[in-house]
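Asker: what shape does this take:
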Amino acid sequence: MRIRHLTHVEYEGDAQSSYNEVRMTPLDDRGQTTLDQRLTIRPATPVWTYRDYWGTQVSVFDLPMGHRTLTIEAVSRVETSGPRPRAKPLSWAELRNVDGPIAEYLRPTERTAIRPGLATAQVPGRDPHEAAEAIAWAVHERVEYVPGSTGVLTNAQEAWDRCVGVCQDMAHVTVALLRAAGLPARYVSGYLHPHRHATIGETVLGQSHAWVEYWAGDWVALDPTNQTYVGESHVVVARGRDYSDVPPLKGIYQGPPAGRQVVEVEVTRLA
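Answerer: Numbers count the residues shown, from 1 in each chain. Here you go, the predicted model:
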């Protein structure tokens, strides 16, 4: 796929300076290969890149001069593949003893805190793979996809109680329930081609998307919003504990208190 992610910011006046972090570069990862990528900033300015603690490529730049607009265009070509076969999971007893970096994905965060006991209905009598699938599909059934019904600060408990949300909320709720069940889980952000059997060469409006990965001896990816395993229509960009670790654009600026942001994502199946 070819992915073009355009973000345009207009300030209500001149911003005197700004510092920004961009997470829009797809990962070279199991199941996908980034063939090439380009990041263009306007006004033009040098860009530095690094890998953050969670393994995401971050592009950083600052604009020390006055500017009224900011445009960020990320273009990439990515080869993806279907879901990988699942290996036999660890036992629940083995999962209770995980440590090191994996154990960090067991700890709740402010966005993934949820009342105790909500995950217990999906666990008894199931192995970790079966329990994870039951949890993700239960979230799909309970939380109705309603664009605009929540905001970026909505947490898992609020989305669960209100029974509405978007992909970010479904991912937060699923991560929260997986962790509560004893499964290390991480939040994944990226892109989703909206048509599974897309026409080659046709450019369509895509979307930023969020899903989850859980660990049962190996990482397995589930998309609770679409009630499916993650496959060749998904492109991974970033992973973390929750959305706060993976926003596509994060920054600070000195200038007017308001502005307008427009985001467009285009995806094209190339083969």
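Asker: contacts and neighbour counts: CA atoms only from here.
Answerer: Will do.
Asker: pick out the residue nearest the middle of the chain.
Answerer: Geometric centre of the chain, nearest residue: residue 189, 1.4 Å, by C-alpha atoms, centre = their mean.
Asker: is it correct that that one is in contact with residue 236?
Answerer: Yes. Residue 189 lies in contact with residue 236 (C-alpha atoms under 8 Å); the separation is 6.2 Å.
Asker: could you list the domains of this protein?
Answerer: Split into domains by automatic domain parsing, the chain comes to 2-81+248-268, 92-245.
Asker: can I get these in CSV with mean pLDDT?
Answerer: Below are these laid out as CSV (pLDDT from 0 to 100):
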stretch, mean pLDDT
domain 2-81+248-268, 95
domain 92-245, 95
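Asker: tell me the most buried of the ones you listed?
Answerer: domain 92-245 (a mean of 19; mean count of other C-alpha atoms under 10 Å).
Asker: picking up where we left off before, helices or strands up against the host helix or strand of the residue nearest to the centre of the chain?
Answerer: Per DSSP states H and E, residue 189 falls inside strand 185-192. Contact here means 3 or more C-alpha pairs under 8 Å, 6 or more residues apart in numbering; DSSP states H and E; on that basis strand 185-192 packs against helix 167-181, strand 207-215, strand 234-240.
Asker: wait, which of the ones you listed is closest to residue 255?
Answerer: strand 207-215 (28.0 Å; C-alpha to C-alpha).
Asker: determine the set of other helices and strands touching that closest one.
Answerer: Partner elements for strand 207-215 (3+ C-alpha pairs under 8 Å, 6+ apart): helix 167-181, strand 185-192, strand 219-223, strand 259-268.
Asker: any chance of those in CSV, with distance to residue 251 too?
Answerer: Shown next, in CSV, are the helices and strands packed on strand 207-215 (distance: least, C-alpha to C-alpha, whole Å):
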stretch, distance to residue 251
helix 167-181, 20
strand 185-192, 18
strand 219-223, 28
strand 259-268, 13
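Asker: out of the ones you listed, which comes closest to residue 41?
Answerer: Nearest to residue 41, of the helices and strands packed on strand 207-215 and by C-alpha to C-alpha, is strand 259-268 at 14.4 Å.
Asker: how far off centre is the closest one?
Answerer: 16 Å (C-alpha atoms, centre = their mean, to the nearest Å).
Asker: quick check: neighbours of it in the sheet, parallel or antiparallel?
Answerer: strand 2-15 (antiparallel), strand 203-205 (antiparallel) (DSSP bridges).
Asker: just the CA atoms of it, as PDB, please.
Answerer: Output of strand 259-268 as PDB, limited to C-alpha atoms (Å, rounded to 0.1, in the frame of the first residue of the first chain):
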ATOM      1  CA  GLY A 259      -6.300  27.300  15.700                       C
ATOM      2  CA  ARG A 260      -7.700  24.800  13.200                       C
ATOM      3  CA  GLN A 261      -6.300  21.400  12.200                       C
ATOM      4  CA  VAL A 262      -7.300  19.300   9.100                       C
ATOM      5  CA  VAL A 263      -6.100  15.700   8.700                       C
ATOM      6  CA  GLU A 264      -6.400  13.600   5.500                       C
ATOM      7  CA  VAL A 265      -5.300  10.000   5.000                       C
ATOM      8  CA  GLU A 266      -5.200   8.500   1.500                       C
ATOM      9  CA  VAL A 267      -4.400   4.800   0.900                       C
ATOM     10  CA  THR A 268      -3.700   3.100  -2.400                       C
END
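Asker: ok, and what's touching it?
Answerer: The contact list for strand 259-268 (C-alpha atoms under 8 Å, 6 or more residues apart in numbering) reads 1-12, 193, 200-208.
Asker: change it to 7 Å
Answerer: 1-12, 193, 201-207 (C-alpha atoms under 7 Å, 6 or more residues apart in numbering).
Asker: same check on stretch 100-118?
Answerer: 155-157, 172-173, 175-176, 179, 183-186, 241-242.
Asker: at 6 Å instead, please
Answerer: 155-157, 172, 176, 179, 184-185 (C-alpha atoms under 6 Å, 6 or more residues apart in numbering).
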